[in-house]
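>>> curious how this folds, go ahead:
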Amino acid sequence: MQIEILNNNTPYAGDISPKTAWDILSNETQSILVDVRTKAELNFVGFPDLSIINKSAQNIEQQFFPGGIINDDFVKTLENNLNEMNLSKDTPILFLCRSGARSAKAATMMASNGWTRCFNIAYGFEGDPNEKHHRAYTNGWKFEGLPWIQL
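Residues are numbered from 1 along each chain as shown. Below you'll find the model as predicted:
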């Protein structure tokens with residue numbers, strides 16, 4: 001599968017659009033989505049619904065709420081999960097956060113540990129704020145109309 005990269009000037013495999021992420025998740029059986037947002041964000045804002053493609057996202061917080069304390073066990077926890085699923089170091093791993101910043105850091109961290117196909121989902125779940133400072137109206141997973149749920 002040809003992957004359209006928005007930016008490949010990164011220490012990981014590159015930045016991709018939410019629609020490209022959906023295509024990868026839909027077409028590459030071993031691909032996985034890792035949502036690095038806090039549990040509070042997932043509860044209040046929602047999260048990707050991959051059930052239509054018989055998948056579910058992994059949620060491993062890169063930072064904890066409140067306070068934004070870094071999860072020092074992020075890489076170890078994710079690597080353990082990936083190894084338990086018998087995924088290889090060339091598995092497509094797609095990282096998602098609110099806007100694409102934390103997920104880029106997560107992709108960098110995993111790439112520096114030998115995972116070769118780490119992609120950052122540009123614009124994240126909610127996307128950039130518009131002129132009224134509201135998210136999900138400019139770009140991102142929700143803006144693109146990709147499946148999501150809120151509990």
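>>> show me where this structure has its strands.
According to DSSP state E, the chain carries its strands in the segments 14-16, 32-35, 47-48, 58-59, 63-64, 69-70, 93-96, 118-121, 148-149.
>>> redo the ones you listed as JSON lines? Include mean pLDDT and distance to Lys132.
Every C-beta, even on glycine, is put in place using the N, C-alpha and C of the backbone. Formatted as JSON lines, these follow (pLDDT from 0 to 100; distance: least, Cβ to Cβ, whole Å):
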{"stretch": "strand 14-16", "mean pLDDT": "98", "distance to Lys132": "26"}
{"stretch": "strand 32-35", "mean pLDDT": "98", "distance to Lys132": "26"}
{"stretch": "strand 47-48", "mean pLDDT": "98", "distance to Lys132": "24"}
{"stretch": "strand 58-59", "mean pLDDT": "96", "distance to Lys132": "29"}
{"stretch": "strand 63-64", "mean pLDDT": "94", "distance to Lys132": "26"}
{"stretch": "strand 69-70", "mean pLDDT": "93", "distance to Lys132": "31"}
{"stretch": "strand 93-96", "mean pLDDT": "98", "distance to Lys132": "24"}
{"stretch": "strand 118-121", "mean pLDDT": "98", "distance to Lys132": "24"}
{"stretch": "strand 148-149", "mean pLDDT": "96", "distance to Lys132": "21"}
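>>> CSV for those, including mean neighbour count and distance to Asn86?
CSV is the format used below for the strands of the chain (neighbours: other Cβ atoms under 10 Å; distance: least, Cβ to Cβ, whole Å):
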stretch, mean neighbour count, distance to Asn86
strand 14-16, 21, 24
strand 32-35, 24, 12
strand 47-48, 23, 23
strand 58-59, 16, 15
strand 63-64, 14, 28
strand 69-70, 11, 28
strand 93-96, 28, 14
strand 118-121, 28, 18
strand 148-149, 12, 28
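>>> turn those into TSV, including distance to Thr77.
Converted to TSV, the strands of the chain look like this (distance: least, Cβ to Cβ, whole Å):
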stretch	distance to Thr77
strand 14-16	23
strand 32-35	10
strand 47-48	18
strand 58-59	9
strand 63-64	13
strand 69-70	13
strand 93-96	13
strand 118-121	15
strand 148-149	24
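>>> tell me which of those sits nearest to Leu6.
Between Leu6 and these, the shortest separation by Cβ to Cβ is 4.6 Å, and it involves strand 14-16.
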